[in-house]
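Participant: This is a predicted model, with the sequence first.
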Amino acid sequence: QNTVGYLDMFKTGMSPQQWEIMQQQESTAEDALFVIVSDLHLDRPQVLEKLRKMFEGFCEMAPLPLFIFIGDFCSRPISHGRDGV
């Protein structure tokens, strides 16, 4: 399959040939798993314990999943500015 109108809109630096290879790999990666976690308040001990248990639940998997963590990572703002910025 030819890549027609290839546009590197995210400025990855990938060539059209690299893009084609990546698409082929993605289409055959049936065992890939992404775990997305947001608002992971790392300043709370109970969150760290639950995170440890979550990792233990995945540790026997092959291949291991890809973990994506999205903030907030603190339960309270770390800035004292007017807008919390």
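Facilitator: That came in fine, so what should we check first? Note that this is a predicted model, so its numbers are computed, not measured.
Participant: I'd assumed residue 58 was in contact with residue 64.
Facilitator: Yes - when contacts are counted by CB atoms under 8 Å, residue 64 is listed as touching residue 58 (6.6 Å). Every C-beta, even on glycine, is put in place using the N, C-alpha and C of the backbone.
Participant: burial count for residue 11?
Facilitator: Residue 11 has 6 neighbouring residues, counting by other CB atoms under 10 Å.
Participant: hey, where'd the strands end up in the chain?
Facilitator: 34-38, 66-70 (DSSP state E).
Participant: For the last one, which outside residues touch it?
Facilitator: Put plainly, it is strand 66-70. 32, 33, 34, 35, 36, 37, 38, 39, 40 (CB atoms under 8 Å, 6 or more residues apart in numbering).
Participant: Please repeat the previous calculation with a cut-off of 6 Å.
Facilitator: Outside strand 66-70, the residues that touch it by CB atoms under 6 Å, 6 or more residues apart in numbering are 34, 35, 36, 37, 38, 40.
Participant: Let me know the closest of the residues you listed to residue 77.
Facilitator: Among the contacts of strand 66-70, residue 40 lies closest to residue 77 (CB to CB), at 15.8 Å.
Participant: Good, we can wrap up now.
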